[in-house]
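Q: Sequence first, then the predicted structure:
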Amino acid sequence: MKILHIAFYRFVRLNDPDNTARAVREIAATLMGSVLVAPEGINGTLAGSALALDQFEQALCHDARFGGAFTGLRFQRTDCVTPPFRRLKVHVKAEVVQIGAADVDVFANTQAGGIDVAPQDWDTLIARPDVVLIDNRNHFEFALGHFTGALDPKVSRYQDFANFVTENLPTWQAAGKKIAMYCTGGIRCEKTSAWLAEQNVQAYQLDGGILNYLRAKPAGAASWTGNCFVFDNRMALDENLAEQNLSPERVYQSPEDAWRLARARRLATNSDDA
């Protein structure tokens, strides 16, 4: 049976995350993967057959228990050679993604949030001299692949990203630079944009992230180089979204990522799936 992978998220107010998580566990019972549910929304990556994923997507968008919270949700689907996950995990958290800045309200200043840039327009934007391009990911992700000219925040976890921006923002503003940023699927940029909006700073963000850019393959696009890290057992995808046979040692080379390397090795021996 061919295995496919889907990634999805939405920032939406959920008044009862526990009940939402229970319903998600039920409709995802035949799948493997991880879903986080929080008062601010949902973030998930799942794998299974095309039919099983179709049924899950239909249920998440239309099941009455969700009250329309996920209607029209976008799912990014990619092929798999290696099974991405070994079991299903659905957890309730305080946030679906943590930026490391206290009390970020992703629903405030909606109109002042990030400006979505379509893949077809991305290369033109980031080539502008008045734009500073920030890779909104961890250092090991940047090292595997990135857009030409992007700044590496050199952080070992997303929670440290806010400090990087805070330290450099005055310099960028003094130089009259506009901020553009990207991440794997878009969720980290949306959280960062909400945080920047609270400081009256508006940022451009790649709509749908790297995965959407590589899927769209804009005509003449040549700004991406390398592989895109994915948070599952496939490790990385190339510019054609094909799985790459990279070892954990190739991906996690920094001492700060020793715990990630140890975890990847445990997963490879089926001894842990935490």
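A: Looks like it arrived, so ask away.
Q: show me where the stretch 151-274 of the chain has helices.
A: For the stretch 151-274 of the chain, applying DSSP state H, counting those that start in this stretch gives helices covering 161-174, 187-197, 209-216, 248-251, 258-268.
Q: so what secondary structure elements neighbour the last one?
A: Spelled out, that is helix 258-268. Here helix 258-268 touches helix 248-251, going by 3 or more Cβ pairs under 8 Å, 6 or more residues apart in numbering; DSSP states H and E. For every residue, glycine as well, the C-beta is placed using N, CA and C.
Q: Quick one: distance of the helix it packs on to the chain centre.
A: Its chain's C-alpha centre and that of helix 248-251 lie 20 Å apart, by Cα atoms, centre = their mean, to the nearest Å.
Q: Quickly, which of the helices of the stretch 151-274 of the chain bottoms out on average pLDDT?
A: Across the helices of the stretch 151-274 of the chain, helix 258-268 has the smallest mean pLDDT, namely a mean of 80.
Q: list the contacts for the one residue sitting closest to the centre of the chain?
A: Computing the C-alpha centroid of the chain and ranking residues by Cα atoms, centre = their mean puts Gly185 first, at 3.8 Å. Taking Cβ atoms under 8 Å, 6 or more residues apart in numbering, we find Gly185 in contact with 7, 9, 76, 208-212.
Q: what about stretch 176-190, start to end distance?
A: Stretch 176-190 stretches 22 Å from its first residue to its last (Cα to Cα, to the nearest Å).
Q: which stretch among the helices of the stretch 151-274 of the chain comes nearest Thr124?
A: Thr124 lies closest to helix 209-216 among the helices of the stretch 151-274 of the chain, at 13.0 Å (Cβ to Cβ).
Q: List the residues that contact the closest residue to Trp224 other than its chain neighbours.
A: Distances taken as Cβ to Cβ, 6 or more residues apart in numbering place Phe147 nearest to Trp224, at 5.7 Å, with adjacent residues excluded. When contacts are counted by Cβ under 8 Å, 6+ apart, Phe147 is found next to 126, 133, 135, 182, 223-225.
Q: For Phe147, report the pLDDT, please.
A: The model's pLDDT for Phe147 equals 97.
Q: Show the buried residues in the contacts of Phe147.
A: Neighbour counting with 16 or more other Cβ atoms under 10 Å marks 126, 133, 135, 182, 223-224 as buried within the contacts of Phe147.
Q: From the residues you listed, which land in strands?
A: Among the buried ones among the contacts of Phe147, DSSP state E puts 133, 135, 182, 224 in strands.
Q: Take those and write them to JSON lines, including distance to Pro255.
A: Output for these, formatted as JSON lines (distance: Cβ to Cβ, whole Å):
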{"residue": "Leu133", "distance to Pro255": "27"}
{"residue": "Asp135", "distance to Pro255": "20"}
{"residue": "Tyr182", "distance to Pro255": "26"}
{"residue": "Trp224", "distance to Pro255": "28"}
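Q: all strands of this protein, in order?
A: Using DSSP E, strands in the chain cover 4-11, 32-38, 41-48, 76-79, 88-92, 115-117, 131-135, 145-147, 178-182, 203-206, 224-226, 228-229, 236-237.
Q: quick one: the fifth one to chain centroid distance?
A: Looking back up the chat, that one is strand 88-92. The chain centre lies 17 Å from the centre of strand 88-92; the measure is Cα atoms, centre = their mean.
Q: Can you give me the buried ones in it?
A: 88, 90, 92.
Q: related to what we said a few turns ago, identify whichever of the strands of the chain lies nearest to Ala194.
A: strand 4-11 (8.0 Å).
Q: Which residues does that closest one contact?
A: For strand 4-11, contacts defined as Cβ under 8 Å, 6+ apart pick out 40-50, 53, 56-57, 60, 69-70, 73-80, 84, 96, 106-107, 185-187, 190-191, 194, 211, 232, 234.
Q: Buried only: go through those residues for me.
A: By the neighbour-count criterion of 16+ other Cβ under 10 Å, the contacts of strand 4-11 include these buried positions: 40-48, 53, 56-57, 60, 69-70, 73, 75-78, 80, 84, 96, 106, 185-187, 190-191, 194, 211, 232, 234.
Q: Look up the pLDDT of Met1 for me, please.
A: Reported pLDDT for Met1: 79.
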